[in-house]
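> Sequence and predicted model, in that order:
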Amino acid sequence: MEILVCVKRVPATGGRITLTPHGQEIDTRYLGFTISPHEECGVEEAVRIVEAQGGSTAVLTLGPIAAEEQLRDAMAVGIDRAILLETDGREFDPVATASAIVEAVRAQEASHAPFDLLIFGTEAADTGGFQVGIRVAVALGRPIVSGIKSLTVRDGMVVARREAPGGGWETCEVPLPAVVSVKEGLNLPRYPSVPGRLRAKRKEIERLTPAWSRTGPVKLGLRVPEAEGAPVEILGRGPEAASAVVDLLERIGVLAS
Amino acid sequence: MSGILVFVEHAAGEADRLSREALVLAGSLAAAAGAEVEAVLFGADAAGVGAGLGEQGVRTAHVVEDPRLGAYAPAAWAVAIVELIVARGPVAVIAGGSERGNEVLAHVAARTGRPMAANVVDVTVAATQGDPWHLTRQRWAGSLLEDAELRADVQLLTVAPHVITVDESGGAPGGAPAASVVRFEPSVDDRDLVGRVTGHEAPKGGAISLADAKVVVSGGRGVGSAEGFGILEELAGLLGGAVGGSRVVTSNGWRPHSDQVGQTGLRIAPDLYVACGISGAIQHIVGCKAAKRILAINTDPDSPIMGVADYAVIGDLHQIVPAISAEIRRRSAPD
Ligand SMILES: Cc1cc2nc3c(=O)[nH]c(=O)nc-3n(C[C@H](O)[C@H](O)[C@H](O)COP(=O)(O)OP(=O)(O)OC[C@H]3O[C@@H](n4cnc5c(N)ncnc54)[C@H](O)[C@@H]3O)c2cc1C
Ligand SMILES: Nc1ncnc2c1ncn2[C@@H]1O[C@H](COP(=O)(O)O)[C@@H](O)[C@H]1O
């Protein structure tokens, strides 16, 4: 099995978001960076499939040079090699991102081996476009299953399961080579080991320069939504507050009195 | 027609909530654009649901009854919508912000090489044809808003969940005229059917689902362990509610991922959300801010959860939660 996972570097925002003065970006001066939990599960799944069935794994990101950090994180948990589509800091829209990935996949398949499986997150953590994986699959003429939370690869088929709209689960089967977009809950990703980190640090990262283009949506600016509601009402401290809490429960009618 | 076409999902003879939200947005855009709202629906009972959409302002419901497309088949459904775009020339195709809404529209976008904007909350139709539309969409699942321009001959948009208010009273009294149902058979080939749903497992009955519970008692890192959730289970049980959790508790394996509330978990809207030992990271808050009321139980009076909670108790959840359960029992016990 040859597997490629696509991940996107995003700021690890915490309690609240601060924007840069012109509202064009998140102020990341005091923030670390990460990838979406969906993509973390994608990385873990790729490593597990190849551990069980043999083959090799690659991780790809399109982003600034600093995104090498996320590629090394992925290699630290067992991904074999990494590809950086290095940008000059401009935002790539989903169409441009997908075409850059398609081009890189074609080049990688010519120089290495064809990928049996491409793994995406259902949506990127920051822009939440819900489309890059599907665009790549359609451009390559490969089947895609989206939003999956369980994955089995056997006999040249991907058997994927996802939560059904009304509850329960639904199953899809597609032949390899295929594309999947995955969600958190697919697995419980491992933590990197110290030797894993050291090994990842020494690895080469292949760098390519993708072409920028603009289709849209075109970002004009960002805004933090206004906080709604009144300030918090402190009902009390410690277990003595239980009575005030139950008064509240009765008042709002969640407790049959 | 220059209309607005809405992809309507439905179950048990009714349009889904998120599709109705999309219909509301489509209605206001249609008024601004001087266009009519049309709908497209798939499945055996699509005609009945489609006819009933007159109340939501739909004039024409395009219905696909091809049994091969009865089960969800995202690529094939997209082929059908692309065919309708060609035949009807809508200025926009809109879907609800569901998994399927986003997926089907992304297939339409990919096949036709058009841009698409997901999770839109507000749209201004261009005054002049050919100019870009202005829209506001969610980033970070709604923790951040993006103002954007979208230039396209057909605007492809999905509507962010639970932002647009739907009139639950069921439309105008006296009833609007039924939508006229137009059946059509898209030319779908077998390749488009690859990736369709081939199996279904019914939900496990019994417990109240997190998605529907009126009360959710949710735990974070402060709960400390899987066993620590016993006291949350107990309180949830007394309130007829369900237990949820933060990403920390699912990543630690204390709870299954299906219990996770937030950006990469469930987004819920209970009457009461009790956040126990949860700090209130934005990615968690987007999952519970639609709750009518939030009660925080936290040792730290300065934690960000205090900024979104309506009520709070400061202190150790391991003492407070059992005390609340005991008080409920005491009050319900016959004297
Ligand atoms: C892209 C992305 C997506 C994410 N998606 C999600 C998501 O879907 N859901 C989600 O939850 N998170 C998500 N996260 C993670 C999120 O950023 C936070 O890391 C997480 O929500 C923190 O969980 P927590 O509040 O349980 O833990 P912490 O932030 O560690 O907070 C623990 C809290 O417990 C309090 N506490 C400790 N002990 C006690 C005690 N004995 N009694 C009472 N209070 C106590 C502390 O004061 C503190 O406020 C996501 C992150 C990213 C980057
Ligand atoms: N800049 C990027 N680099 C690599 N992969 C990306 C990038 N942007 C998006 N993706 C992949 O596409 C998925 C869906 O992204 P989107 O459609 O933008 O929400 C993400 O979860 C990633 O797997």
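Okay, I see it. Ligands and ions are numbered 1, 2, ... in the order given.
> can you pull out the strands in the stretch 51-200 of chain A?
Remark: strands assigned in the stretch 51-200 of chain A by DSSP state E, counting those that start in this stretch are A:56-63, A:81-86, A:117-121, A:144-148, A:150-154, A:157-163, A:169-175, A:178-182.
> Dump those into JSON lines; add mean pLDDT, distance to residue B:168 and mean neighbour count as well.
Every C-beta, even on glycine, is put in place using the N, C-alpha and C of the backbone. Output for the strands of the stretch 51-200 of chain A, formatted as JSON lines (pLDDT from 0 to 100; distance: least, Cβ to Cβ, whole Å; neighbours: other Cβ atoms under 10 Å in any protein chain shown):
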{"stretch": "strand A:56-63", "mean pLDDT": "98", "distance to residue B:168": "43", "mean neighbour count": "24"}
{"stretch": "strand A:81-86", "mean pLDDT": "98", "distance to residue B:168": "47", "mean neighbour count": "22"}
{"stretch": "strand A:117-121", "mean pLDDT": "98", "distance to residue B:168": "34", "mean neighbour count": "27"}
{"stretch": "strand A:144-148", "mean pLDDT": "98", "distance to residue B:168": "28", "mean neighbour count": "27"}
{"stretch": "strand A:150-154", "mean pLDDT": "96", "distance to residue B:168": "35", "mean neighbour count": "15"}
{"stretch": "strand A:157-163", "mean pLDDT": "97", "distance to residue B:168": "25", "mean neighbour count": "20"}
{"stretch": "strand A:169-175", "mean pLDDT": "97", "distance to residue B:168": "28", "mean neighbour count": "18"}
{"stretch": "strand A:178-182", "mean pLDDT": "98", "distance to residue B:168": "33", "mean neighbour count": "27"}
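> quick one: which of those is nearest residue B:2?
Nearest of those to residue B:2, taken as Cβ to Cβ: strand A:144-148 at 30.9 Å.
> Walk me through which strands the closest one pairs with, and which way each runs.
When sheet partners are counted by DSSP bridges, strand A:144-148 sits next to strand A:178-182 (parallel).
> What is the distance between the strand it pairs with and the centre of its chain?
Distance of strand A:178-182 from the chain centroid (Cα atoms, centre = their mean, to the nearest Å) equals 12 Å.
> In PDB, could you pull the C-alpha coordinates for that strand?
Extracted in PDB, the C-alpha atoms of strand A:178-182 (Å, rounded to 0.1, in the frame of the first residue of the first chain):
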ATOM      1  CA  ALA A 178      -9.300   5.800  -3.900                       C
ATOM      2  CA  VAL A 179      -9.600   9.000  -1.900                       C
ATOM      3  CA  VAL A 180     -11.100   9.300   1.500                       C
ATOM      4  CA  SER A 181     -11.800  12.200   3.700                       C
ATOM      5  CA  VAL A 182     -11.800  11.300   7.400                       C
END
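> quick one: residue B:219 and residue B:229 touch, right?
Yes - in this structure, residue B:219 is within contact of residue B:229 by Cβ atoms under 8 Å, at 5.8 Å.
> any weak-confidence spans in the stretch 151-257 of chain A?
By pLDDT under 70, the low-scoring segments of the stretch 151-257 of chain A are A:256-257.
> ok, now the stretch 1-150 of chain B?
In the stretch 1-150 of chain B (pLDDT under 70), the answer is B:1.
> at 90 instead, please
Within the stretch 1-150 of chain B, the set of residues satisfying pLDDT under 90 comprises B:1-2, B:31-34, B:44, B:127-130.
> Helices along that one, start to end?
B:17-33, B:46-52, B:74-88, B:99-112 (DSSP state H, counting those that start in this stretch).
> Next, the buried residues of the third one.
Looking back up the chat, that one is helix B:74-88. Across helix B:74-88, burial judged by 16 or more other Cβ atoms under 10 Å in any protein chain shown covers B:74-85, B:88.
> Looking at those residues, spot the one nearest ligand 2.
Using Cβ to the nearest ligand atom, residue B:74 comes nearest to ligand 2 of the buried residues of helix B:74-88, at 14.7 Å.
> wouldn't the closest one be in contact with residue B:195 here?
Yes - checked against Cβ under 8 Å, the pair residue B:74 and residue B:195 is within contact range at 6.4 Å.
> Adding distance to ligand 1 as columns, could you present the strands of the stretch 51-200 of chain A in a markdown table?
Formatted as a markdown table, these follow (distance: least, Cβ to the nearest ligand atom, whole Å):
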| stretch | distance to ligand 1 |
| --- | --- |
| strand A:56-63 | 15 |
| strand A:81-86 | 21 |
| strand A:117-121 | 9 |
| strand A:144-148 | 15 |
| strand A:150-154 | 19 |
| strand A:157-163 | 15 |
| strand A:169-175 | 20 |
| strand A:178-182 | 14 |
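> Quick one, which of these gets closest to residue A:204.
Nearest to residue A:204, of those and by Cβ to Cβ, is strand A:81-86 at 7.8 Å.
> does any bit of that closest one sit next to ligand 2?
No - counting by Cβ under 6 Å from any ligand atom, ligand 2 is not contacted by strand A:81-86; separation bottoms out at 6.9 Å.
> Direction included, what does that strand pair against?
strand A:56-63 (parallel), strand A:205-208 (parallel).
> Tell me which of the ones you listed sits nearest to ligand 2.
That would be strand A:56-63 among these, by Cβ to the nearest ligand atom, at 3.6 Å.
> Which residues are in contact with each of residue B:219 and residue B:229?
B:243, B:245, B:249, B:254-255 (Cβ atoms under 8 Å, 6 or more residues apart in numbering or on different chains).
> Go through those residues and name the one nearest ligand 1.
Among the shared contacts of residue B:219 and residue B:229, and counting by Cβ to the nearest ligand atom, the member closest to ligand 1 is residue B:249, at 6.2 Å.
> so what's the residue in the stretch 51-200 of chain A positioned nearest to ligand 2 up against?
Of all residues in the stretch 51-200 of chain A, the one sitting closest to ligand 2 is residue A:121 (2.4 Å; Cβ to the nearest ligand atom). The contact partners of residue A:121, by Cβ under 8 Å, 6+ apart, come to A:6-8, A:36, A:38-39, A:42, A:133, A:181-183.
> what about 10 Å?
Counting by Cβ atoms under 10 Å, 6 or more residues apart in numbering or on different chains, residue A:121 touches A:5-8, A:35-42, A:130, A:132-133, A:181-184, B:264.
> before we move on, the earlier item: how about the strands of the stretch 51-200 of chain A in a markdown table, adding distance to residue B:100?
Shown next, in a markdown table, are the strands of the stretch 51-200 of chain A (distance: least, Cβ to Cβ, whole Å):
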| stretch | distance to residue B:100 |
| --- | --- |
| strand A:56-63 | 27 |
| strand A:81-86 | 30 |
| strand A:117-121 | 17 |
| strand A:144-148 | 9 |
| strand A:150-154 | 18 |
| strand A:157-163 | 10 |
| strand A:169-175 | 11 |
| strand A:178-182 | 13 |
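> For residue B:63, find the nearest of those strands.
Closest approach to residue B:63 among the strands of the stretch 51-200 of chain A (Cβ to Cβ): strand A:169-175, 22.4 Å.
> Name every strand pairing with the closest one and say which way it goes.
In the sheet, strand A:169-175 lines up against strand A:157-163 (antiparallel), strand B:197-201 (antiparallel) (DSSP bridges).
> re the thing from before, and chain A, which of the shared contacts of residue B:219 and residue B:229 reach it?
Residues of the shared contacts of residue B:219 and residue B:229 in contact with chain A (Cβ under 10 Å from any Cβ of the partner chain): none.
> Greatest separation within the residues you listed: which pair is it?
Within those, B:243 and B:254 form the most distant pair, 10.8 Å apart (Cβ to Cβ).
> ok, these two, which is more surrounded?
The neighbour comparison of residue B:243 against residue B:254 (other Cβ atoms under 10 Å in any protein chain shown) goes to residue B:243, with 24 against 21.
> And the more buried one, which helix or strand is it part of?
In the assignment (DSSP states H and E), residue B:243 maps to strand B:242-245.
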